[in-house]
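Asks: With the input below, show me the fold.
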Amino acid sequence: MTFYLTDVCLLTLLSLTAILLVWSLRKPPTRKVFKQLIKRPMAACSGLVLMFFLIVGIVDSIHITGTSKTVDAADTLLDVFLSPLGDVYEKTYSEPLALKSFSSEIRINNGVMQQVYPSLKYPHHLFRSESDKIQWLSQVILKDLLSVFLFMLIIGGAWFHWSRPKQSTLFWSVLLTGFILLSLVVITYHISRSLHVLGTGKIGQDVFYTTVKSIRTGLVIGLLTTLFMMPLALLLGITAGYFGGLIDDIIQFVYTTLSSIPGVLLITASVLSLQTYMANHPDYFSTMAKSADARLLALCFILGITSWTSLCRVLRAETLKLRELDYIQAAHALGSSHWTIITKHMLPNVMPIVLITLVLDFSFLVLAEAVLSYVGVGVSPTTISWGNMINGARLELAREPVVWWPMFAAFFAMFGLVLASNLFADAVRDVLDPHNV
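Replies: Below is the predicted model of the structure:
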């Protein structure tokens with residue numbers, strides 16, 4: 001197996017989060033909060049969707065040496081699972097579930113020039129007509145829906161038998177979400193074995209493949225940027241609000257100065273400096289895959305350095321309010337140390353704000369990657385991402401007929417990830433907020 005820098009960082013972050021969660025569940029208050037969370041239908045359903053995205057990101061972060069046909073890259077477990085979609089290229093665009101190319105060609109048949117739409121290379125089942133394709137699709141969809149329904153019926157029956165759920169809303173919401181999600185996965189995968197589910201892009205690559213592969217890039221940008229941003233914002237924000245005085249003035253000057261610099265210009269300057277460094281030191285990046293991975297990690301670090309100021313400002317204001325409350329003054333009077341007050345009293349009360357801010361920033365970062373790729377300072381053009389998909393498809397919206405499917409696929413995937421994360425964060429914030437207890 002081969003692990004790139006972003007693979008190590010992402011898998012390490014998820015592993016530490018899982019270990020911390022398991023360790024926290026040993027405490028009764030944490031178990032109580034967790035039980036309250038999973039009893040909320042919206043939290044359970046959105047958590048199920050987020051789990052699907054995380055599984056795809058993890059599977060796409062494990063590279064297998066010796067499986068790729070290219071010299072500079074290694075296939076991931078996801079590539080093996082979706083094979084041969086990553087290796088099949090058509091000439092140009094083709095519509096979703098199409099049998100022929102979107103663009104016509106001029107061919108000479110018996111001395112007569114004809115304008116024809118060439119057949120695609122990929123479909124393994126040679127459908128004789130559109131009616132054969134529609135009949136096959138109907139059979140596949142009905143068969144897969146029935147299989148998923150029977151599977152969910154078994155799961156639901158076992159769940160009802162062993163736990164006897166008291167909330168019918170939670171029971172049916174989770175089952176319905178699981179049925180929709182599993183049906184979508186099974187049906188699209190089954191159809192992708194014979195047809196381009198979401199069509200092909202400008203260079204002929206399968207859009208369904210690029211959409212699924214882009215999930216990892218979105219998770220890396222959102223999670224790793226949060227990892228770089230959160231410790232700095234927590235440390236400086238709480239320190240400035242708690243101690244005040246000269247320390248507060250210095251920290252305010254730092255984040256005010258940094259906030260005064262336009263974020264896009266700062267990111268552009270950093271990325272261009274990184275590109276110059278990589279061009280001058282090619283020995284450090286032996287392959288294009290390693291170069292693109294290093295640029296992705298550097299972009300996460302740059303975004304983290306430039307986006308911590310808003311959270312720091314909010315934490316400073318909240319800490320200024322908390323330190324004047326009676327229980328904080330009582331802790332001072334009883335001789336509690338600064339470390340004890342900050343960890344036992346300050347952190348638990350600011351965590352709901354931190355959580356909702358981080359999730360909103362996560363959503364912003366996933367969407368901002370598309371904007372940065374449009375400007376040309378996002379991820380590497382060789383990196384599969386929703387931003388590069390949108391950037392490549394934006395000019396095609398002006399043509400007639402419109403090539404809509406690459407933009408639609410990227411939008412739908414980003415919408416699902418951002419919506420699920422926002423709904424889950426709202427539920428977690430409501431559970432953790434001490435004012436709701």
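Asks: Pull the number of nearby residues for residue 83.
Replies: 13 (other Cβ atoms under 10 Å). (Each C-beta comes from the backbone N, C-alpha and C, glycine too.)
Asks: ok now do it, which residues does it touch?
Replies: With contacts defined as Cβ atoms under 8 Å, 6 or more residues apart in numbering, residue 83 is in contact with residue 75.
Asks: now it: how far from residue 216?
Replies: 17 Å (Cβ to Cβ, to the nearest Å).
Asks: How about the contacts made by residue 293?
Replies: 4-6.
Asks: What segments of the stretch 51-200 of the chain are strands?
Replies: 63-64, 75-76, 105-109, 112-116 (DSSP state E, counting those that start in this stretch).
Asks: and the first one, how far out from the chain's middle?
Replies: Meaning strand 63-64. Between the centre of strand 63-64 and the centre of its chain there are 20 Å (Cα atoms, centre = their mean, to the nearest Å).
Asks: Residue ranges in the stretch 251-400 of the chain under the pLDDT threshold?
Replies: Within the stretch 251-400 of the chain, the stretches falling below the threshold (pLDDT under 70) are 285-286.
Asks: Can you report how many residues neighbour the closest residue to residue 64 other than its chain neighbours?
Replies: What sits nearest to residue 64 in space, not counting adjacent residues and going by Cβ to Cβ, 6 or more residues apart in numbering, is residue 75, at 5.6 Å. For residue 75, the tally of surrounding residues (other Cβ under 10 Å) stands at 22.
Asks: that older thread, reformat the contacts of residue 293 as TSV; add pLDDT and secondary structure.
Replies: Shown next, in TSV, are these (pLDDT from 0 to 100; DSSP: H, G, I helix; E, B strand; the rest coil):
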residue	pLDDT	secondary structure
4	77	coil
5	81	helix
6	84	helix
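Asks: ok, and the most crowded of those residues?
Replies: Neighbour counts for the contacts of residue 293 were taken using other Cβ under 10 Å; the highest belongs to residue 6, which has 23 neighbours.
Asks: so who does it touch?
Replies: Contacts for residue 6 (Cβ under 8 Å, 6+ apart) come out as 61, 220, 224, 293, 296-297, 300.
Asks: Tell me the most packed of the residues you listed, by neighbour count.
Replies: By neighbour count, taken as other Cβ under 10 Å, the most surrounded of these turns out to be residue 220 (27 neighbours).
Asks: returning to that earlier point: Serialize the contacts of residue 293 to CSV and add fields for distance to residue 32.
Replies: As requested, the contacts of residue 293 are arranged in CSV below (distance: Cβ to Cβ, whole Å):
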residue, distance to residue 32
4, 40
5, 39
6, 36
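Asks: And these, which is closest to residue 316?
Replies: Distance ranking of the contacts of residue 293 against residue 316, using Cβ to Cβ, places residue 6 first at 31.5 Å.
Asks: From residue 378, how far off is that closest one?
Replies: Between residue 6 and residue 378 the computed distance is 15 Å (Cβ to Cβ).
Asks: how long is stretch 93-105 from one end to the other?
Replies: Distances were taken as Cα to Cα, to the nearest Å; on that basis the terminal residues of stretch 93-105 are 13 Å apart.
Asks: Residues touching that stretch, excluding its own?
Replies: Taking contacts as Cβ under 8 Å, 6+ apart, the residues outside stretch 93-105 that touch it are 90-92, 115-120, 123, 127, 130, 133, 137, 191, 195-202, 204, 207, 396, 403, 405.
Asks: Equivalent analysis for stretch 44-52, please.
Replies: Contact with stretch 44-52 is made by 38, 170, 173-174, 177-178, 181, 185, 416-417, 419-421, 423-424, 427, as judged by Cβ under 8 Å, 6+ apart.
Asks: Spit out the contact partners of residue 416.
Replies: Taking Cβ under 8 Å, 6+ apart as the criterion, residue 416 is in contact with 49, 53.
Asks: Okay, buried residues for the one helix or strand it maps to please.
Replies: Using DSSP states H and E, residue 416 sits within helix 405-432. Of the residues in helix 405-432, 405-410, 413-414, 416-418, 420-432 count as buried by neighbour count, 16 or more other Cβ atoms under 10 Å.
Asks: hmm, back to that, can you redo the contacts of residue 6 as a markdown table with secondary structure?
Replies: Written out in a markdown table, the entries for these read as follows (DSSP: H, G, I helix; E, B strand; the rest coil):
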| residue | secondary structure |
| --- | --- |
| 61 | coil |
| 220 | helix |
| 224 | helix |
| 293 | helix |
| 296 | helix |
| 297 | helix |
| 300 | helix |
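Asks: Closest to residue 362 out of those residues?
Replies: residue 224 (10.7 Å).
Asks: Leaving out sequence neighbours, find the closest residue to the closest one.
Replies: Excluding the flanking residues, the one nearest residue 224 by Cβ to Cβ, 6+ apart is residue 300, at 4.0 Å.
Asks: Count the neighbours of residue 364 for me.
Replies: Residues contacting residue 364 under the criterion other Cβ under 10 Å number 17.
Asks: Could I get the full set of helices for the stretch 201-350 of the chain?
Replies: Taking DSSP state H, counting those that start in this stretch, the helices of the stretch 201-350 of the chain run over residues 207-243, 245-260, 263-280, 288-306, 309-322, 326-333, 338-341, 347-375.
Asks: Turn the ones you listed into TSV, including distance to residue 106.
Replies: Compiled in TSV, the helices of the stretch 201-350 of the chain are given as follows (distance: least, Cβ to Cβ, whole Å):
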stretch	distance to residue 106
helix 207-243	26
helix 245-260	58
helix 263-280	41
helix 288-306	36
helix 309-322	56
helix 326-333	79
helix 338-341	77
helix 347-375	34
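Asks: Relative to residue 384, which of the ones you listed is closest?
Replies: Between residue 384 and the helices of the stretch 201-350 of the chain, the shortest gap by Cβ to Cβ is with helix 207-243, which sits at 4.4 Å.
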